[in-house]
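Visitor: sequence first, predicted coordinates after that:
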Amino acid sequence: MKYFITFNGQTVGPMTKEQLFAYPVTPDTPVCTEENQTWTPLYMFPDLMEGLSAPGRVQASEEVNTTGKDKVMCGVLAIVLGTLGVHYFYLGKIGGGIICLLLSIVTCGLWGIVTLIQGIMMLTMSQAEFERKYVLSTSTFPLF
C-alpha cells in the first residue's frame, strides 16, 4: 500500500510504510492512501501505529540513513564535481544530472557556484531532511 502524508504544509508521497517512517511522524500526522482519498490521522491505521510503536524503532530526528544515499558523499560530490552533475547521478536523478551538466556548459562553469552552495547545504542538514528533500522527492531536479 502506498501512503501520502502532510509534512511542513506539503503533500509528500506516494511512499511505502518504511519510507513514511523516515519523516518525524506522530499519531496525529495526516495520512492518505491511494485507495482512500480522505485524510485521516495516522492513529486510524493499525499497521502504521504498530510500526510507530515498534520497540526497535529509531526516531526520525536521529541521523539514520534509510535509503542508502549518504548526505556527506553527495555533498562532497556537489562541491567537487557539481558542475558535471555527479551528485544528481549519485542520487539516481539522471535528468537532473543532465540538466546540471547543460547549465554548466551554457553558463561557462558559473553554475558551479550554485552547486557549491548546494553541497554546503547538503552537508549541514540532517540525514532525514536530506533524504526528504533530495532522495525521496519526486522532483527530477531538486535544487534547494
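Guide: Noted; the coordinates are in hand.
Visitor: what is the rounded mean pLDDT of the strand or helix carrying Gly75?
Guide: Per DSSP states H and E: Gly75 is located in helix 71-81. Across helix 71-81, the average pLDDT comes to 95.
Visitor: ok, residues contacting it?
Guide: For helix 71-81, contacts defined as C-beta atoms under 8 Å, 6 or more residues apart in numbering pick out 86-87, 90-91, 115-116, 118-123, 125, 127, 130-131, 134. Placement of C-beta: from N, CA and C, glycine included.
Visitor: now do the buried residues in the lowest-mean-pLDDT helix or strand in the chain.
Guide: Across the helices and strands of the chain, mean confidence by mean pLDDT, DSSP states H and E is lowest for helix 46-52: a mean of 80. Buried residues in helix 46-52, defined by neighbour count with 16 or more other C-beta atoms under 10 Å: Leu48, Gly51, Leu52.
Visitor: so which elements touch whichever helix or strand comes after the helix holding Gly75?
Guide: Per DSSP H and E, helix 71-81 leads on to helix 86-91 as the next helix or strand towards the C-terminus. Judged by 3 or more C-beta pairs under 8 Å, 6 or more residues apart in numbering; DSSP states H and E, helix 86-91 is in contact with helix 71-81, helix 94-106, helix 111-124.
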